[in-house]
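>>> Following is a predicted model, sequence given first.
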Amino acid sequence: MSKKKDTEQAELENEELNTEETVSEKEQEVEKSPLEELQESYNQINDKYLRLYSDFENFRKRTSKERIDLIMNGGADIFKLLLPVIDDFERARTNMETAEDVPSVKEGIELIYHKLIKELESKGLKPMEAKGQVFDSELHEAITQIPAPSDDMKGKVVDEVEKGYYLNDKVIRYAKVVVGS
């Protein structure tokens with residue numbers, strides 16, 4: 001029996017030593033040197049930086065791809081808008097070959113023209129009124145000057161050679177005009 005007690009006592013002492021060693025190891029881990037703390041802080045900050053840099057690179061690539069896609073397909077809505085008008089013109093061309101009634105062909109062409117203008121105006125296109133207005137170099141491009149038909153037309157637009165247009169209140173084409181002098 002005494003051997004049994006001795007072995008049990010030896011096991012208990014071993015366990016006590018093992019627990020004391022693990023406690024002292026844990027105390028050593030808890031008490032880190034300032035260098036180890038700085039290294040750990042550096043690693044955390046570096047990890048955050050790398051994640052942020054990676055996120056920014058992904059954002060930059062995504063926005064670049066979206067910009068290219070917008071440039072490539074930005075005019076798609078205008079083309080979709082024009083397709084029915086093109087279809088109408090194709091039908092009109094087919095009908096002109098066999099049509100004998102010229103006024104009805106003219107009327108069909110006028111309908112297509114008004115449909116096109118209405119669709120473009122719905123997208124923000126607006127024609128510029130230039131004839132009779134005072135010449136403005138911000139809106140008009142003077143092609144030539146002619147003697148004014150009357151004194152009140154001096155410095156004003158006498159004739160409009162090519163119509164100007166606004167797109168959402170921004171000039172997209174200047175009116176080509178003849179100015180009275």
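It's in. Residues are numbered from 1 along each chain as shown.

>>> Show me the helices in this protein, by range?
Ranges of helices in the chain, per DSSP state H, are 2-30, 34-73, 76-98, 102-122.

>>> Please name whichever of those is nearest to residue 175.
Closest approach to residue 175 among those (C-beta to C-beta): helix 102-122, 16.6 Å. Bear in mind the C-beta positions are built from the backbone N, C-alpha and C, glycine included.

>>> Format the helices of the chain as a markdown table; extra columns: distance to residue 152.
A markdown table is the format used below for the helices of the chain (distance: least, C-beta to C-beta, whole Å):
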| stretch | distance to residue 152 |
| --- | --- |
| helix 2-30 | 97 |
| helix 34-73 | 48 |
| helix 76-98 | 40 |
| helix 102-122 | 31 |
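
>>> Of these, which is nearest residue 169?
Nearest to residue 169, of these and by C-beta to C-beta, is helix 102-122 at 13.1 Å.

>>> ok, residues contacting that closest one?
With contact meaning C-beta atoms under 8 Å, 6 or more residues apart in numbering, helix 102-122 is reached by 81-82, 84-85, 88-89, 92, 95-96, 99.

>>> need the helices of the chain in CSV with mean neighbour count, can you?
Listed next are the helices of the chain as CSV, based on neighbours: other C-beta atoms under 10 Å:
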stretch, mean neighbour count
helix 2-30, 9
helix 34-73, 10
helix 76-98, 12
helix 102-122, 12
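
>>> now those in a markdown table, with mean pLDDT and distance to residue 181?
Shown next, in a markdown table, are those (pLDDT from 0 to 100; distance: least, C-beta to C-beta, whole Å):
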| stretch | mean pLDDT | distance to residue 181 |
| --- | --- | --- |
| helix 2-30 | 59 | 95 |
| helix 34-73 | 93 | 44 |
| helix 76-98 | 86 | 39 |
| helix 102-122 | 89 | 33 |
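
>>> Which residues are in contact with the residue nearest to residue 135 when sequence neighbours are not counted?
Once flanking residues are discounted, residue 135 sits nearest to residue 179: 4.9 Å by C-beta to C-beta, 6 or more residues apart in numbering. Counting by C-beta under 8 Å, 6+ apart, residue 179 makes contact with 135, 140, 142, 144-146, 155-158.

>>> With residue 164 instead?
Contacts of residue 164 (C-beta under 8 Å, 6+ apart): 127-128, 130, 139-140, 171, 173-176.

>>> quick revisit: only whichever of the contacts of residue 179 are buried, select them in PyMOL.
The following PyMOL line selects those of the contacts of residue 179 that are buried, judged by 16 or more other C-beta atoms under 10 Å:
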select buried, resi 135+140+156+157+158
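
>>> Identify, from the contacts of residue 179, the entry nearest to residue 31.
residue 140 (84.0 Å).
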